[in-house]
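K.L.:
what's the 3D shape of this:
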Amino acid sequence: MPFSHDSQHSLPERLIQEHDEYRRLAERHRSFEERLERLNSRHILNDEEKVEAITLKKHKLALKDRMAEIARGFNAGRVGGAGR
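P.N.:
All right, here's what the predicted structure looks like:
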């Protein structure tokens with residue numbers, strides 16, 4: 001079944017269903033985001049929490065980069081036939 005470019009939202013959904021690593025990365029990204037939201041809801045963070053927030057942001061970015069890399073490979077495999 002060829003991939004349709006009509007819906008930007010369907011690619012991440014498909015990857016979550018079809019790609020184990022992408023699904024694990026998305027779950028970790030979501031858990032980091034939830035923790036970051038809890039930290040950001042506080043008015044004042046102590047030094048340890050500030051470091052944790054910065055670390056979470058860096059980890060989230062690294063996860064997002066890897067997820068984008070997987071998506072590009074998935075798309076290339078679907079469109080150009082050059083899968084991994």
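K.L.:
where does the prediction get shaky in this structure?
P.N.:
Within the chain, the set of residues satisfying pLDDT under 70 comprises 1-9, 78-84.
K.L.:
so where do the helices sit in it?
P.N.:
Under the criterion DSSP state H, the chain carries helices at the ranges 10-18, 20-40, 47-79.
K.L.:
reformat those helices as JSON lines; add mean neighbour count.
P.N.:
C-beta here means a position set from N, CA and C on the backbone, and glycine is covered the same way. Written out in JSON lines, the entries for those read as follows (neighbours: other CB atoms under 10 Å):
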{"stretch": "helix 10-18", "mean neighbour count": "14"}
{"stretch": "helix 20-40", "mean neighbour count": "14"}
{"stretch": "helix 47-79", "mean neighbour count": "14"}
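K.L.:
Ile16: what's it in contact with?
P.N.:
The neighbours of Ile16, taking CB atoms under 8 Å, 6 or more residues apart in numbering as the test, are Tyr22, Arg23, Ala26.
K.L.:
any idea how far Glu37 is from the nearest residue to the second one once chain neighbours are set aside?
P.N.:
Put plainly, it is Arg23. Beyond its immediate neighbours in the sequence, the residue positioned closest to Arg23 (CB to CB, 6 or more residues apart in numbering) is Ile16, lying 5.0 Å away. Applying CB to CB, to the nearest Å, the value for Ile16 to Glu37 is 20 Å.
K.L.:
same thing with Thr55?
P.N.:
In this structure, Thr55 lies at 15 Å from Glu37, with CB to CB as the measure.
K.L.:
what do you get for His29?
P.N.:
With distances defined as CB to CB, the gap from His29 to Glu37 amounts to 13 Å.
K.L.:
cool, Arg23 as well?
P.N.:
Arg23 is 21 Å from Glu37, by CB to CB.
K.L.:
for Glu18, same thing?
P.N.:
From Glu18 to Glu37 the distance is 28 Å (CB to CB).
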